[in-house]
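Chemist: coords below, sequence missing:
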């Protein structure tokens, strides 16, 4: 058992989309598997808030989940033999993922000294997510941030600047969000040890949940 909130990322019809098979039942109905659980082989795979950035896929639904029995920690997920969906948090829409990428990039902007081109890329990424600017402006802002990434000194600074580039210029919002989350975690915590790494992922997960609940809201 765990008291930490758990989540399941599924397709729009509650179907598995990360290598599993089948469709999850209606919320409130328990789903079980036989035999001992084994990560990536047998069992029901759930994630914690801090794992969510590893599971982003545009158009996927994030569900709150409950479980009972033994829980196996598998790094970026947990595996159980029995679980059920409780209710939807929301959809990982292009809007949600673009805003998430912009927030991640801004969280490490201090590493490149708040470079004007990078800050503009983050601003434009948010405008684009809300439908308030053009595709051409988004791409141009990302290109400028990419030029800045090549010019700034220091590996962490370049990673942070590149995150701003991806937030704006990434054509696939889901891919951009995953890339930015990874770059930001490395830039902010890569040299600071496991505790800093876990803290960075926890902050990203909490923010992604909040954005999904606000901008990806769906009817229960």
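Modeler: Thanks, I have the structure now. For clarity, every value in this text was computed on a predicted model and none was experimentally measured.
Chemist: which residues does stretch 20-32 contact?
Modeler: 8, 10, 13-16, 44-45, 63, 81-88, 220 (C-beta atoms under 8 Å, 6 or more residues apart in numbering). Using the backbone N, CA and C atoms, a C-beta is placed for each residue, glycine as well.
Chemist: show residues contacting stretch 149-156.
Modeler: 108, 111-113, 115, 118, 158, 161-162, 164-165, 186-188, 190-191.
Chemist: next: stretch 68-87.
Modeler: So stretch 68-87 is in contact with 1-2, 6, 8, 14, 24-35, 37-40, 43-48, 51, 54-55, 63-67, 220, going by C-beta under 8 Å, 6+ apart.
Chemist: which among these count as buried?
Modeler: 6, 8, 14, 24, 31, 37, 43-48, 51, 54-55, 63-65, 67 (16 or more other C-beta atoms under 10 Å).
Chemist: next, name the residue at the spatial heart of the chain.
Modeler: residue 53 (2.6 Å; C-alpha atoms, centre = their mean).
Chemist: residue farthest from the centroid of this protein?
Modeler: residue 35 (31.0 Å).
Chemist: nearest spatial neighbour of that residue, skipping sequence neighbours?
Modeler: residue 42 (5.9 Å; C-beta to C-beta, 6 or more residues apart in numbering).
Chemist: for the one you found, what are its contacts?
Modeler: Contacts of residue 42 by C-beta under 8 Å, 6+ apart are 33, 35-36.
Chemist: gap between the nearest residue to residue 52 once chain neighbours are set aside and residue 111?
Modeler: Excluding the flanking residues, the one nearest residue 52 by C-beta to C-beta, 6+ apart is residue 205, at 4.6 Å. Computed as C-beta to C-beta, to the nearest Å, the residue 205 to residue 111 distance reads 21 Å.
Chemist: which neighbouring elements make contact with the helix or strand of the chain with the lowest mean pLDDT?
Modeler: Counting by mean pLDDT, DSSP states H and E, the chain has its least confident helix or strand at helix 173-189, which shows a mean of 74. With contacts defined as 3 or more C-beta pairs under 8 Å, 6 or more residues apart in numbering; DSSP states H and E, helix 173-189 has these neighbours: helix 94-107, helix 155-169, helix 194-215.
Chemist: got a pLDDT number for residue 201?
Modeler: You'll see residue 201 listed with a pLDDT of 83.
Chemist: returning to what we had before: among the contacts of stretch 149-156, which has the minimum pLDDT value?
Modeler: The minimum pLDDT among the contacts of stretch 149-156 falls on residue 191, with 56.
Chemist: near residue 104, how many other residues are there?
Modeler: Neighbour count for residue 104, taken as other C-beta atoms under 10 Å: 32.
Chemist: swap in the one 10 residues further on?
Modeler: Residue 114 is surrounded by 11 other residues when neighbours are defined as other C-beta under 10 Å.
Chemist: where does it land in three-state SS?
Modeler: coil (DSSP: H, G, I helix; E, B strand; the rest coil).
Chemist: distance of it relative to residue 121?
Modeler: Distance, residue 114 to residue 121, by C-beta to C-beta: 12 Å.
Chemist: kindly report the same for residue 44.
Modeler: From residue 44 to residue 121 the distance is 39 Å (C-beta to C-beta).
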